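[1] Quick one: sequence plus predicted model below, questions after.
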Amino acid sequence: MIPRSLFKLLTIVLFVVSTIGPATAAPPVYHPVKAKQFVPRQGIGNTLNKLKQNEEVRVAYLGGSITAASGWRVKTTKWLQEAFPQAKIHEIHAAIGGTGSNLGAFRLDHDVLQHQPDLVFVEFAVNDGGRQPESIWESMEGIVRQIWTANPQTDICFVYTFRVNNEKELRKGECPRSSSAMELLADHYGIPSINVGLKIVELEQQGKLKFTSKTPLEEEIVLFSKDGVHPLDQGHEIYTEVIADAIKQMQPTSQPVNHASKLKVPFVKGHWSDAKMDPLNASMLTGNWKALPADNVLAKRFGGRMGQIWEADEPGSRLTFRFRGSQAALYDLLGPDGGQLLITVDGKQRPKLTPRFDSYCTYHRIATLELAQNLDPDKVHTVTVEIHPEQPDRSPVAFRLKNPDQELKAPKFQGTKIRVGKIMLRGTLVP
């Protein structure tokens, strides 16, 4: 039998625990989610209220190449301008081809938040397609929490685009894995979502659309794309119509809301809300590193995203930095003249060289180089990348060339150049 005094104490403890509630939600469990063209949840009431009041509204489009194209992003902005002609609408182009939410979480502040958006469309379902749900949750939740920490009045809307092979799940009425993972996160935070990919599959099932075709189609049938991923103009038009219809449906139901209350309980423990970028400085560099001038071709193309770009090609040239935190990467360029690196973290050198060249490198493009993950966040770590004297194997790009034997000998494909813009950190640089 429990003594009366002890019983009272246990009663008080249980009451206090019940009123405080859990510090974090139970770890989420992934499962496929039913595909719906539009799920309003909390809507975009803050944005719609400003539009109806004819105020200035900034709309950001954060995504990959599908959003970077002059397609649904441009068309959606134009539709908003026509639907709310008295409002002043500004478009924030924050899309980079070939990138997912794992880079999006790090570049969010520079590409989106500094422009003080009222609404952020987030489109990463296709480029996150090869990632595990747990990894998607970490980076996507980092994006959500960074946006609402900066301004809890900013609305967010997830957009799920289409690529060939997504039709397998969508025909069964299910979202593909990446968008299912994002839907579970959207449920937790009350974020509206628009599945434009579902409309593409519905039209294909009705015989009104072909995903791709090597032969001409009848005039009434829409050719969605050439590659099964990037829509042609009619495909982008369909995307825009679905998004416009969703916004119309949200108008009578969305109310202005302070999203800060949604930040109380995280969805996953390891969310990347602390992801950021830091510029390089000369003290980190040894060898023949040089800051590309503003009139350099690559600086003109990529400086707006990457800031100051540093370049080196001399074997033995190094970039060394110290940081306290759990994760580090480089925001760099891949290209036809790219070299390869020796990477050392806390005195341990990777057994394999890391090339800054791949099968797409007939041109230069933004990329990320993962350096370290899952480190002790309370310790100081030292990272060094060093240019190797041998250039990487160029043969992976051969299938893209008309005459690879000759073209791969050209100066374009020669070199050991490394070009870095910023250091991506979950942590803090240490002198």
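    Arrived safely, thanks for sending.

[2] now the helices: where do they sit in the stretch 101-250 of the chain?
    For the stretch 101-250 of the chain, the helices defined by DSSP state H, counting those that start in this stretch cover 101-111, 133-150, 167-171, 177-189, 196-205, 233-250.

[3] Would you mind giving the ones you listed as CSV with mean neighbour count added?
    Backbone N, C-alpha and C define where each C-beta goes, glycine included. Converted to CSV, these look like this (neighbours: other CB atoms under 10 Å):
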stretch, mean neighbour count
helix 101-111, 24
helix 133-150, 22
helix 167-171, 17
helix 177-189, 23
helix 196-205, 20
helix 233-250, 19
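
[4] Out of the ones you listed, which is closest to Asn296?
    helix 101-111 (19.8 Å; CB to CB).

[5] Just tell me which of the helices of the stretch 101-250 of the chain ends up closest to Trp272.
    helix 133-150 (2.9 Å).

[6] where exactly do the strands run in the stretch 251-400 of the chain?
    With DSSP state E, counting those that start in this stretch, the ranges of strands along the stretch 251-400 of the chain come out as 276-279, 285-286, 290-291, 310-312, 318-334, 340-345, 348-349, 354-355, 365-372, 380-387.

[7] from memory Trp422 sits against Pro279, does it?
    For the record, residue 422 is Lys, not Trp. Yes: the pair Lys422 and Pro279 passes the contact test of CB atoms under 8 Å, sitting 5.5 Å apart.

[8] CA atoms of stretch 47-67 as PDB?
    Extracted in PDB, the C-alpha atoms of stretch 47-67 (Å, rounded to 0.1, in the frame of the first residue of the first chain):
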ATOM      1  CA  THR A  47      -0.300  36.600 -48.400                       C
ATOM      2  CA  LEU A  48      -3.900  36.700 -49.600                       C
ATOM      3  CA  ASN A  49      -4.700  39.400 -47.100                       C
ATOM      4  CA  LYS A  50      -1.900  41.600 -48.400                       C
ATOM      5  CA  LEU A  51      -3.000  40.900 -52.000                       C
ATOM      6  CA  LYS A  52      -6.600  41.800 -51.300                       C
ATOM      7  CA  GLN A  53      -5.400  45.000 -49.600                       C
ATOM      8  CA  ASN A  54      -3.400  45.900 -52.800                       C
ATOM      9  CA  GLU A  55      -0.100  45.900 -50.900                       C
ATOM     10  CA  GLU A  56       3.400  45.000 -52.000                       C
ATOM     11  CA  VAL A  57       3.900  41.200 -52.000                       C
ATOM     12  CA  ARG A  58       7.100  39.300 -52.600                       C
ATOM     13  CA  VAL A  59       6.800  35.700 -53.900                       C
ATOM     14  CA  ALA A  60       9.900  33.400 -53.700                       C
ATOM     15  CA  TYR A  61      10.300  30.300 -55.800                       C
ATOM     16  CA  LEU A  62      12.800  27.900 -54.200                       C
ATOM     17  CA  GLY A  63      13.500  24.800 -56.200                       C
ATOM     18  CA  GLY A  64      15.500  23.000 -58.900                       C
ATOM     19  CA  SER A  65      15.700  23.200 -62.700                       C
ATOM     20  CA  ILE A  66      11.900  22.800 -63.200                       C
ATOM     21  CA  THR A  67      11.400  26.000 -61.300                       C
END
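
[9] Sketch out the low-pLDDT regions of the stretch 151-300 of the chain for me.
    Within the stretch 151-300 of the chain, no stretch has pLDDT under 70.

[10] Count the residues that sit near the residue lying closest to Glu141 once chain neighbours are set aside.
    Once flanking residues are discounted, Glu141 sits nearest to His271: 3.9 Å by CB to CB, 6 or more residues apart in numbering. When counting by other CB atoms under 10 Å, one arrives at 21 neighbours for His271.

[11] Surely His271 is in contact with Glu138?
    Yes: taking contacts as CB under 8 Å, His271 lies within contact range of Glu138: 5.7 Å.

[12] one step back: among Lys422 and Pro279, which residue is more densely surrounded?
    Between Lys422 and Pro279, counted using other CB under 10 Å, the more crowded position is Lys422 (23 against 15).

[13] List the contacts of the more buried one.
    Residues in contact with Lys422 (CB atoms under 8 Å, 6 or more residues apart in numbering) are 277-280, 306-307, 330-331.

[14] Kindly indicate which of the residues you listed lies nearest Leu263.
    Closest to Leu263, out of all of the contacts of Lys422 and judged by CB to CB, is Met277, at 22.3 Å.

[15] is the closest residue to the closest one other than its chain neighbours in a bridge, and if so with what?
    Nearest residue to Met277, sequence neighbours excluded (CB to CB, 6+ apart): Lys422, at 4.2 Å. With DSSP bridges applied, Lys422 shows beta-bridge pairing to Pro279, Tyr331.

[16] now Lys422: how far from Val59?
    Distance of Lys422 to Val59, computed by CB to CB, to the nearest Å: 26 Å.

[17] Ok, Pro152 next?
    For Pro152, the distance to Val59 - CB to CB - is 18 Å.

[18] which one of these two has more residues nearby?
    More crowded of Pro152 and Val59, by other CB under 10 Å: Val59, with 21 against 15.

[19] Tell me how far the closest residue in space to the more buried one that isn't next to it in sequence lies from Lys402.
    Computed as CB to CB, 6+ apart, the closest residue to Val59 that is not its neighbour in sequence is Leu119, at 4.9 Å. Applying CB to CB, the value for Leu119 to Lys402 is 45 Å.
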